[in-house]
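Novice: 3D model of this:
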Amino acid sequence: MKKIIAHIFLTIGAVTMLFPFVWMVSTSLKQLSEVFVFPPTLMGESLRFDNYLKISDRFPFMTYFLNSLKVTGIVVVSQLLTSSMAGYVFARLHFKFRDLIFGLYLATLMIPMQVTMIPNFVIMRFYGLVDTHAALILPGLVSAFGTFLMRQFFLTIPKSLEDAAKIDGCTPFGIYWRIFVPLTMPAMATLGIFVFMGTWNDFFSPLIYINTQSKMTLPLGLASMQGMYSTDWPVLMAGTVISVLPVIIVFLLAQDAFIKGVTLSGIKGE
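Specialist: Here you go, the predicted structure:
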């Protein structure tokens, strides 16, 4: 009986979270006059797939898409590299004040973005990086959360593997690259999904740093479609649907590794 009740609540929660996405897709297939009819309808009189064809006519969607792909790709690859290297250092190498440094590094997670927003903007303006993609990429090259996640996963790897590699003459970097990295693909996939979603959907940072339309990312570009007096909501929702698809595809491709990475990241090995 308890399992039935739990499944009912989980089903209700899943439907509740899925409904906005379904409504977004249905709006993208309507005429503008059908969007605000009362009572609301899930589907219009006919499916208007031509709304997806109008996207490129109304705004440079492909430019926004490629900008987001560029920024997100560089940030994901960089964070996977820097976080895995830092996680290996904090998990396996022994040096003075290691735990203190790691604790201070994690403490940066408690600093809200609103506190660092103005100092970061001043730094970017000082180096002439405002209105460039570098302003979006540089702050995302490292991550305290990513370092913590990778460190926890590195702790699950048996120390005997590391000792055997040392006996064979492997250097610390060789142990990291040849042994630890191949074994931490689930954690890499987990971190990669988190970073991809966060960077791809980031609206606040591009809003602060980007002024030129040709350099806008997808979230900022979609927001610019909203006119002062009128907005073509079906076309806007069509663009939003396409912008969500890469996130869904990435998650589906790495779903098994993601679940395994989340499960094992808190288990400490011997």
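
Novice: find the centremost residue of the chain, please.
Specialist: residue 197 (2.1 Å; Cα atoms, centre = their mean).

Novice: how many neighbours does residue 22 have?
Specialist: 11 (other Cβ atoms under 10 Å). Just so you know, the C-beta spots here come from the backbone N, C-alpha and C atoms, and that holds for glycine as well.

Novice: in what helix or strand does it lie?
Specialist: helix 2-28 (DSSP states H and E).

Novice: starting at the chain centroid, how far to that helix?
Specialist: 23 Å (Cα atoms, centre = their mean, to the nearest Å).

Novice: now do stretch 144-154
Specialist: Taking mean C-alpha positions (Cα atoms, centre = their mean), stretch 144-154 and its chain are 16 Å apart.

Novice: same question, stretch 88-103
Specialist: With Cα atoms, centre = their mean, you get 27 Å for stretch 88-103.

Novice: that stretch: end-to-end distance?
Specialist: For stretch 88-103, the separation between the terminal residues is 15 Å (Cα to Cα, to the nearest Å).

Novice: for the record, mean pLDDT for that stretch?
Specialist: Here stretch 88-103 scores 89 as its mean pLDDT.

Novice: report the buried residues of that stretch.
Specialist: 88, 89, 90, 91, 92, 102 (16 or more other Cβ atoms under 10 Å).

Novice: against residue 153, how distant is the residue lying closest to residue 178 once chain neighbours are set aside?
Specialist: For residue 178, ignoring the flanking residues on the chain, the nearest one in space by Cβ to Cβ, 6 or more residues apart in numbering is residue 170 at 6.9 Å. Distance of residue 170 to residue 153, given as Cβ to Cβ, to the nearest Å: 20 Å.

Novice: please say which of those two ends up with more neighbours.
Specialist: residue 153 (27 against 16).

Novice: what's the helix or strand for the more buried one?
Specialist: helix 144-154.

Novice: the next helix-or-strand element following that helix - contacts with which helices or strands?
Specialist: Once helix 144-154 ends, the next helix or strand along the chain (criterion: DSSP H and E) is helix 159-167. Using 3 or more Cβ pairs under 8 Å, 6 or more residues apart in numbering; DSSP states H and E, the elements in contact with helix 159-167 are helix 172-175.

Novice: check which element follows the helix it packs on along the chain.
Specialist: Following helix 172-175 toward the C-terminus (DSSP H and E): helix 181-183.

Novice: what is the mean pLDDT for that following helix?
Specialist: 86.

Novice: tilt between whatever helix or strand comes next after that helix and helix 144-154?
Specialist: Where DSSP H and E defines the elements, the next helix or strand beyond helix 181-183 is helix 185-200. Direction vectors for helix 185-200 and helix 144-154, defined by axes from the mean of the first three to the mean of the last three Cα atoms, to 10 degrees, enclose an angle of 170 degrees.

Novice: quick one: helix 185-200 to chain centroid distance?
Specialist: 6 Å.

Novice: so for that helix, what gets flagged as buried?
Specialist: So for helix 185-200, counting by 16+ other Cβ under 10 Å, buried means 186-196, 198-200.

Novice: mind giving me the packing neighbours of it?
Specialist: helix 61-92, helix 144-154, helix 233-253, helix 255-264.

Novice: same for the helix or strand that that helix is followed by, what does it pack against?
Specialist: For helix 185-200, the following helix or strand on the C-terminal side (DSSP H and E) is helix 204-209. Under the contact criterion of 3+ Cβ pairs under 8 Å, 6+ apart, helix 204-209 touches helix 113-126, helix 134-137, helix 218-223.

Novice: could you tell me the end-to-end distance of stretch 147-161?
Specialist: With Cα to Cα, one end of stretch 147-161 sits 21 Å from the other.

Novice: I misspoke; the intended subject was stretch 132-145.
Specialist: 26 Å.

Novice: before we move on, what about stretch 136-146?
Specialist: Start-to-end, stretch 136-146 (Cα to Cα) is 18 Å.

Novice: what's the answer for stretch 101-113, then?
Specialist: So stretch 101-113: terminal residues 21 Å apart, Cα to Cα.

Novice: residues of it that come out buried?
Specialist: Neighbour-count burial for stretch 101-113 [16+ other Cβ under 10 Å]: 102, 105.

Novice: likewise stretch 149-161?
Specialist: Counting neighbours by 16+ other Cβ under 10 Å, stretch 149-161 gives 149, 150, 151, 152, 153, 154, 155, 156, 157 as buried.
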